[in-house]
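**Student:** Structure of the sequence below:
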Amino acid sequence: MVQFSLIDIKGVGPVLAAALQEKKFSVKKIASASSAQLCAFQGVGPVTAKGIIDAATALLSAPPAKSLKRDLKSAPQEKKSVKSKGKAIKKDKKQKKDGKKKKNKKKKSSKKSKK
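**Tutor:** Below is the predicted model of the structure:
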């Protein structure tokens, strides 16, 4: 079974998570809590409390995700390494620079011919 942290619940930030942990709340306990129990915490009103309870319930009832390792193995791999990407970027920048130089040369030569 997957263990969830209080911070995984939508609407629960680090401050509220710490306060909930202090009072021994878990994701499972929040999912079965009443709005009044959560409203006892500073900054939590009835609407926020209902949202947190619904989010905790959804989190617990969601199908378990595949392991990250398996997801990464099945994901399509890019052929270029980080170094080759950097070289490609440098090459693109150089081509742009060269293109600008050529444009500047054309402008200068057209100005000379006008004089």
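
**Student:** end-to-end on stretch 11-25?
**Tutor:** End-to-end span of stretch 11-25 (Cα to Cα, to the nearest Å): 15 Å.

**Student:** who's in contact with that stretch?
**Tutor:** Stretch 11-25 is contacted by residues 5-7, 30, 33, 41-44, 48, 51-52, 55 when judged by Cβ atoms under 8 Å, 6 or more residues apart in numbering. Using the backbone N, CA and C atoms, a C-beta is placed for each residue, glycine as well.

**Student:** what's the helix or strand for residue 52?
**Tutor:** According to DSSP states H and E, residue 52 maps onto helix 46-61.

**Student:** How about residue 21?
**Tutor:** Residue 21 is located in helix 14-22, with elements delineated by DSSP H and E.

**Student:** Would you mind giving the domain segments of the chain?
**Tutor:** 6-61, 81-114 (automatic domain parsing).

**Student:** Ends of the longest one, what's the gap?
**Tutor:** With Cα to Cα as the measure, domain 6-61 spans 15 Å from end to end.

**Student:** Kindly report the same for stretch 34-50.
**Tutor:** For stretch 34-50, the first-to-last residue distance is 8 Å (Cα to Cα).

**Student:** in that stretch, what's buried?
**Tutor:** Neighbour counts over stretch 34-50 (16 or more other Cβ atoms under 10 Å) mark 35, 37-39, 41, 44, 48-49 as buried.

**Student:** from what I can see residue 46 touches residue 34, true?
**Tutor:** No. Counting by Cβ atoms under 8 Å, residue 46 does not reach residue 34; the two are 10.3 Å apart.

**Student:** For this structure, just list every one of the helices.
**Tutor:** Counting by DSSP state H, one finds helices in the chain at the ranges 14-22, 27-31, 35-39, 46-61, 68-74, 82-114.
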